[in-house]
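In: Build me a model:
(one chain, ligands or ions: 2)
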Amino acid sequence: MLTVRVELGERSYPIVVGAGVAREIAALLPDGVRRAVVVTQAAMRPFAESVPTGVETAVVEIGDGEQHKTLSTVAALHDAFVAHGVTRRDVVVGVGGGMVTDVAGFAAAVHLRGVAVVHVATTLVGMVDAAIGGKTGVNSPGGKNLIGAFWQPSAVVCDTDSLATLPPREWACGNGELAKYELLLGERWRALPLEERVANAAAYKARVVSLDEHERTGVRALLNYGHTLGHALEAAGHHELRHGEAVGIGLVFAARLAQRLGRIDAAAVDRHVDVVSGYELATEIPAGYDADELMAFMQRDKKAIDGLTFVLDGPGGIEVVSAVDDAVVRTLLKELVS
Ligand SMILES: NC(=O)c1ccc[n+]([C@@H]2O[C@H](COP(=O)([O-])OP(=O)(O)OC[C@H]3O[C@@H](n4cnc5c(N)ncnc54)[C@H](O)[C@@H]3O)[C@@H](O)[C@H]2O)c1
Ligand SMILES: [Zn+2]
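Out: Numbering: from 1, shown residues only. Ligands and ions are numbered 1, 2, ... in the order given. Presented below is the predicted three-dimensional model:
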């Protein structure tokens with residue numbers, strides 16, 4: 001078992017990683033807990049039911065898919081917490097991918113103005129990203145994740161055994177994020193066992209969260225490496241690229257853009273291609289995308305306050321760069337989509 005700590009003063013917590021670690025969950029629940037409500041989805045129900053909390057436990061299912069990531073799901077969870085008598089001394093346990101932990105975390109944050117939550121991540125994305133850092137929330141007609149709260153979990157459990165049933169596209173999603181962390185750290189993880197890759201990625205995210213819990217200083221923005229174009233590819237949606245697949249393409253695009261801006265050399269671009277393709281992810285923009293449409297989506301990005309913003313590699317390492325010249329980006333995109 002590998003343990004990583006998220007250092008946040010009195011709200012610090014452990015992330016435990018390894019095969020079978022969900023069996024140790026009882027030791028990770030806050031002291032004095034008497035009841036637990038496990039929030040999960042149908043696909044993980046058997047696994048969720050096997051998690052031994054050691055206290056009186058009810059299992060509640062929520063719907064699968066972003067269309068269920070809503071306030072009405074949170075209201076239904078609140079009703080279930082009331083029905084099961086969840087008090088401030090009890091705990092919510094989210095067992096699932098990022099969708100479950102985001103919703104369960106938010107429901108815990110607002111039930112009785114905040115009850116403890118423990119996340120048991122069952123997707124690679126959850127283990128290396130979504131379950132860590134306390135960002136919880138739901139979608140609204142205004143957009144994705146616009147309603148939410150920072151609510152740190154008491155512990156995060158990454159049981160790699162739970163990934164045995166993870167569908168291939170969900171692996172691809174997590175691999176896009178792993179490629180991102182490898183590039184951010186300038187390391188190569190190909191030869192490492194999964195458990196170590198997960199722990200390394202979780203440790204990076206944990207450090208960033210410790211430095212910038214509420215996304216105020218901009219450190220956390222580095223986690224958006226590959227995401228500027230990635231989000232635009234997802235939004236344009238012609239090929240229904242999954243998030244991590246789009247991030248893989250976005251990472252290589254960010255490297256090409258950095259090269260075009262004179263920040264890095266061809267060898268650095270090759271390193272990006274090598275890391276991303278090492279995860280069996282696409283490195284090129286698939287046919288059918290329109291450069292102008294992608295530009296429009298990037299300009300609408302919520303981070304594009306001072307013109308186009310990219311996370312870019314450079315002589316001083318990877319950093320957030322604002323006001324990137326639109327014309328350079330558009331020209332490069334036009335070359336790459338044709
Ligand atoms: N809070 C954050 O910091 C943060 C970061 C990244 C993503 N997110 C959010 O996370 C969500 C995406 O998370 P995700 O990629 O984990 O997808 P997801 O939670 O939607 O799960 C994807 C699918 O896999 C299924 N699944 C999960 N674990 C499984 C398992 N072990 N075996 C079989 N099936 C399994 C789920 O039921 C679902 O159908 C989005 O809503 C996104 O907004 C949050
Ligand atoms: Zn991402």
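In: and P315, how far is that from T309?
Out: When distance is defined by CB to CB, to the nearest Å, P315 is 19 Å away from T309. Placement of C-beta: from N, CA and C, glycine included.
In: Comparing those two, which shows the higher neighbour count?
Out: The neighbour comparison of P315 against T309 (other CB atoms under 10 Å) goes to T309, with 20 against 7.
In: Past the host helix or strand of the more buried one, which element shows up next along the chain?
Out: Per DSSP states H and E: T309 is located in strand 308-312. As assigned by DSSP H and E, the chain's next helix or strand after strand 308-312 is strand 319-324.
In: I'd like to know the average pLDDT value across the helix or strand following that following strand.
Out: Next along the chain after strand 319-324, taking DSSP H and E as the criterion, comes helix 326-337. Across helix 326-337, the average pLDDT comes to 96.
In: one step back: by contact count, what packs against the strand holding T309?
Out: Counting contacts by 3 or more CB pairs under 8 Å, 6 or more residues apart in numbering; DSSP states H and E, strand 308-312 is packed against helix 227-236, helix 243-260, strand 319-324.
In: and that strand, average pLDDT?
Out: Rounded mean pLDDT across strand 308-312 is 95.
In: same thing with stretch 49-69?
Out: pLDDT averaged over stretch 49-69 gives 97.
In: quick one: it near ligand 1?
Out: Yes: Stretch 49-69 is in contact with ligand 1 by CB under 6 Å from any ligand atom, via D64, E66, K69.
In: Among the residues you listed, name the buried ones.
Out: K69 (16 or more other CB atoms under 10 Å).
In: Any figure for the gap between D292 and L336?
Out: 13 Å.
In: So between those two, which is more surrounded?
Out: L336 (18 against 10).
In: Hmm, that one is touching F253, no?
Out: Yes: counting by CB atoms under 8 Å, L336 does reach F253; the two are 7.1 Å apart.
In: what touches both of these two?
Out: Common neighbours of L336 and F253 are listed as I285 (criterion: CB atoms under 8 Å, 6 or more residues apart in numbering).
In: give the contact list for the closest residue to L241 other than its chain neighbours.
Out: Nearest residue to L241, sequence neighbours excluded (CB to CB, 6 or more residues apart in numbering): L233, at 5.4 Å. Residues counted as contacts of L233 (CB under 8 Å, 6+ apart) are L241, A246, I249, G250, I285, Y289, L294.
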